[in-house]
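[1] How does the following fold in three dimensions:
(chains A and B)
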Amino acid sequence: MEWLIVLAVVVVLVVAVVAMYNRLVRARVRVDEAWAQIDTQLQRRHDLIPNLVETVKGYAAHERETFEEVTAARSRALQVAQPGELAEAENELTQALGRLLAISENYPQLRADANFRQLQEELAHTENLVAGARGHYNASVRTYDETRQVFPTSLIAGMFNFEGREYFEVETVEVRAVPDVSFE
Amino acid sequence: MADGGGPDRDGARRPEPAVYDELQRANRRATRLLLGATVFLALVLVWILVGWFAPQAALDPVTAVPITAGGALLGVGGTYLAYRGGPAIALRAAKARPAPREQYPQLHNVFDEVCVSAGIANTRPKLYVVDDPAPNAFATGLRLEDSHVAVTTGLVERLPRYELRAVLAHEVAHIVNDDIRAVTVAVATAGLVALLADVLVRAMWFGGRGGRGGNRGGNSAGAAQVVFLVLGLLAVVLAPIAAQLIRFAVSRQREYLADATAADLLRDPQSMVNALRRLDADRTEIRQFEVATAHLWFEEPNDTKGKDRGAKMARRFATHPSIGERIERLARLNAGTVRLDDPLPPPPQSPGPSAPPPSSGPRGGSDALDPLRFPGTGGRHPGSPGASGPPPPPRS
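    Numbers count the residues shown, from 1 in each chain, chains lettered A, B, ... in the order given. Model (predicted):
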């Protein structure tokens, strides 16, 4: 009789461990998926920039400094891969893009350019995708972190070495203080 | 221009995301509970049915349990199979047709943004349009992999980009919150209960005491039959009411949660509130309306807005809370960050220069995306269809 009880306890324990391990793995896979999505959207943004710069250049050739800033920010963003550093580089790029679009304010012909308007919609779309992917990634990291730190899952996380993940922080003071731009 | 999302994006006054997580978990629990209640209701009805034909067997657990379980399983299983076709029927009832990307580029762009925010970019629901001037939308499907979102052409034409996005996010929120499954279950419950109650009524009419009652000897059998007669009558009266209550329980609370989830997904409660305000002011009647699909729509398609008695009565049987109530709840959740009195952004087709969206202004926190908003076109790409059409008809 006793061995039956022992067996039952062992079975319950094994099932619990497996369930917790699987939950951790699922949460981690979701974080990785979300990161891949950010990667895709950032790639899309990077691909769009040369086109935008070229279009603006056609109308505002002497705003050299801003073009260089955008191009430099883009190549910096292409070089880093760590979430924290990448977020910083992407922030710079966002601000440089904001300045580039601010310039377009002074060129009515550029604003009327069909190609430019289309690029604007594309860019707005891409920025929203980046923001959405970022939000989803951070939410996934939060869920993963919660799972990792809650008892008794924390025991399993420690045993199988589930490492923490970095948030993709973007809400810095500088980013919030974007230039005041209107396309009217 | 300064902003779109409002200061909620700076995270300072946004409600803790954990609140939404908890609400969503509770919502999924409610779905499971609903499923349990449905099966229980079916079990009770089948048991009464068994009791009507064979009172002795129904009171004996050894025979009653398998018969009842088998009967209920057949009922629930059959209903499940029938409602596998539910989404297709709902789409057909609304005369929804697939929305081609070439024809609706902005709609697809906005929908992509919503799906990426919700983390379902890889299992993006299918997008449909319904030719109807009333701005509305609905989601249907049984699983995430097989889900559909339909919008009316009126919605695409009248809502500015960010409000369209908010409405789509509301529909996607129904999908990620497991609501579409709950709604399907609720519809199935109503159907199954109606069917069982009907069988019971017919059984009482033709079978039992009326037909072969004389052949059943023994006092105890007669007494049992009286008990089952009473139970049966009660069930016939109460079961449809129970089914209807379950249907109400499904939609009302879930609308609030879907609004909140959508605002949280996009970090943009202001656009959600603006969309609700715009739809509240809109008086266009939806044409593709069927009572059976009323609970699916973003805004309930019944005429429940007037002050007359008919409208008051309609509100009592509404599957949705009033839009005013929805706005109020959302504003309370995002206290201090959502403004209810500013003018709405211009609709996509409105010509000429216009004021920036109400979400902008000195009080709103700025955001990285701000330089990319285009207030003049309501965010619509100038080359897209409808960008330079006539202004929308005046609303009463």
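
[2] What count of nearby residues applies to A:Ser140?
    Residues within reach of A:Ser140, counting by other CB atoms under 10 Å in any protein chain shown, total 22. All C-beta spots, glycine's among them, are computed from the backbone N, C-alpha and C.

[3] Can you measure across stretch B:143-160, start residue to end residue?
    Taking CA to CA, to the nearest Å, stretch B:143-160 runs 30 Å from one end to the other.

[4] I'd like the average pLDDT over that stretch.
    The predicted model gives stretch B:143-160 an average pLDDT of 89.

[5] does any bit of it sit next to chain A?
    No: figure legend: stretch B:143-160 not in contact with chain A (CB under 8 Å from any CB of the partner chain); closest approach 12.4 Å.

[6] For chain A, just list every one of the helices.
    A:2-59, A:64-79, A:83-104, A:108-112, A:114-149, A:153-159, A:173-176 (DSSP state H).

[7] what does the stretch 101-250 of chain B give?
    With DSSP state H, counting those that start in this stretch as the criterion, the stretch 101-250 of chain B has helices at B:105-118, B:153-158, B:161-176, B:179-206, B:208-212, B:219-266.

[8] Looking at these, which one is packed in the most?
    Stretch with highest mean neighbour count among the helices of the stretch 101-250 of chain B: helix B:161-176 (a mean of 27; mean count of other CB atoms under 10 Å in any protein chain shown).

[9] and it with helix B:179-206, angle?
    Relative orientation of helix B:161-176 and helix B:179-206, computed by axes from the mean of the first three to the mean of the last three CA atoms, to 10 degrees: 50 degrees.

[10] Tell me the helices and strands packed up against helix B:161-176.
    When contacts are defined as 3 or more CB pairs under 8 Å, 6 or more residues apart in numbering or on different chains; DSSP states H and E, helix B:161-176 packs onto helix B:105-118, strand B:137-141, strand B:147-152, helix B:153-158, helix B:219-266, helix B:269-281.

[11] Report the separation between the closest residue to A:Glu92 other than its chain neighbours and B:Gly141.
    Closest residue in space to A:Glu92, ignoring its immediate chain neighbours: A:Ala73 at 4.6 Å, by CB to CB, 6 or more residues apart in numbering or on different chains. Distance of A:Ala73 to B:Gly141, given as CB to CB, to the nearest Å: 42 Å.

[12] before we move on, back to that, reformat the helices of chain A as JSON lines; add mean pLDDT.
    Formatted as JSON lines, these follow (pLDDT from 0 to 100):
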{"stretch": "helix A:2-59", "mean pLDDT": "91"}
{"stretch": "helix A:64-79", "mean pLDDT": "87"}
{"stretch": "helix A:83-104", "mean pLDDT": "84"}
{"stretch": "helix A:108-112", "mean pLDDT": "84"}
{"stretch": "helix A:114-149", "mean pLDDT": "88"}
{"stretch": "helix A:153-159", "mean pLDDT": "90"}
{"stretch": "helix A:173-176", "mean pLDDT": "37"}
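
[13] returning to what we had before: in terms of neighbours, single out the busier of A:Ala73 and B:Gly141.
    The neighbour comparison of A:Ala73 against B:Gly141 (other CB under 10 Å) goes to B:Gly141, with 23 against 20.

[14] so the more buried one sits right up against B:Ala150, yeah?
    No: between B:Gly141 and B:Ala150 there is no contact under CB atoms under 8 Å: 10.8 Å.

[15] Now chain A against chain B: closest residue?
    Chain A approaches chain B most closely through A:Gly132 (3.3 Å), counting by CB to the nearest CB.

[16] That residue touches B:Asp264, doesn't it?
    No: counting by CB under 8 Å, A:Gly132 stays clear of B:Asp264, with 12.0 Å between them.

[17] Which residues of the stretch 51-200 of chain B lie near chain A?
    Counting by CB under 8 Å from any CB, the positions of the stretch 51-200 of chain B adjacent to chain A are B:Gln106, B:Asn109, B:Asp112, B:Glu113, B:Val114, B:Val116, B:Ser117, B:Ala118, B:Gly119, B:Ala121, B:Asn122, B:Arg165.

[18] Next, format those as a markdown table and append pLDDT.
    Formatted as a markdown table, those follow (pLDDT from 0 to 100):
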| residue | pLDDT |
| --- | --- |
| B:Gln106 | 89 |
| B:Asn109 | 92 |
| B:Asp112 | 94 |
| B:Glu113 | 92 |
| B:Val114 | 94 |
| B:Val116 | 92 |
| B:Ser117 | 91 |
| B:Ala118 | 90 |
| B:Gly119 | 88 |
| B:Ala121 | 86 |
| B:Asn122 | 86 |
| B:Arg165 | 93 |
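
[19] of these, closest to B:Thr68?
    Taking CB to CB as the measure, B:Ala118 is the one of these closest to B:Thr68, at 41.4 Å.

[20] Hmm, that closest one is touching B:Leu266, no?
    No: counting by CB under 8 Å, B:Ala118 stays clear of B:Leu266, with 9.2 Å between them.

[21] Find residues that contact each of those two.
    Common neighbours of B:Ala118 and B:Leu266, counting by CB atoms under 8 Å, 6 or more residues apart in numbering or on different chains, are A:Gly132, B:Ala169.

[22] Contact partners for the residue in the stretch 101-250 of chain B positioned nearest to chain A?
    Residue nearest to chain A within the stretch 101-250 of chain B: B:Ser117 (3.3 Å; CB to the nearest CB). For B:Ser117, the contacting residues are A:Ala131, A:Gly132, A:Ala133, A:Gly135, A:His136, B:Ala169, B:Leu265, B:Leu266, by CB under 8 Å, 6+ apart.

[23] Pick out the residue of the stretch 201-350 of chain B closest to chain A.
    The minimum distance from the stretch 201-350 of chain B to chain A, using CB to the nearest CB, falls at B:Arg267 (6.2 Å).
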